[in-house]
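Q: below are the sequence and a predicted model for it; my questions follow.
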Amino acid sequence: MAPQYKTLLVDYLPGNLQFLQLVDDAGGQILNLPTTTPGRNITIRFPSITGVLGVNKTIVYAPELDNTTSPVLDPDTGSSVNATNNVTATGTYTTTVSL
C-alpha cells in the first residue's frame, strides 16, 4: 500500500481582508470559500500532498469596510493597518510496511 497523506488547510483571514479568488485548488476539496464578507476562513482538504513550496494560490484584497462595517483604513489620514493572516495545516501520514 502506498503512503497516504490527508491534510486539512485552513486560512484564517483577518476581518480587514476579503477573499477574491482561488487560482488553483491543487487537487484539494474546497470546503469553504468566503465570497461575500471580509474575514472568515478558507478551508481545503487534500487527499495527498507531494512537492515543494510554490506560488500563492489565493488572491485577497483590503476592502473599504471590514467585517464589522468599520473602515479598514482611517478615512481622514489613510494610515496603514496590520492584516495578520494565519494559516494552519493538519494532517496524518499512513503507510504499510511489508516484512
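A: Thanks, I have the structure now.
Q: three-state assignment of the residue nearest the centre of the chain?
A: Geometric centre of the chain, nearest residue: D11, 2.9 Å, by Cα atoms, centre = their mean. Under DSSP: H, G, I helix; E, B strand; the rest coil, the three-state class of D11 is strand.
Q: what sits against it?
A: N41, I42, T43, T58, N85, N86, V87 (Cβ atoms under 8 Å, 6 or more residues apart in numbering). Just so you know, the C-beta spots here come from the backbone N, C-alpha and C atoms, and that holds for glycine as well.
Q: quick one: the fourth one and L9, what's the gap?
A: Shown here: T58 relative to L9, a distance of 10 Å by Cβ to Cβ, to the nearest Å.
Q: do the same with the third one
A: Distance of T43 to L9, computed by Cβ to Cβ: 7 Å.
Q: let me know the pLDDT of Y5.
A: You'll see Y5 listed with a pLDDT of 59.
Q: nearest spatial neighbour of P63, skipping sequence neighbours?
A: Excluding its sequence neighbours, the residue lying closest to P63 (Cβ to Cβ, 6 or more residues apart in numbering) is Q18, at 4.5 Å.
Q: that concludes my questions; thank you for your assistance.
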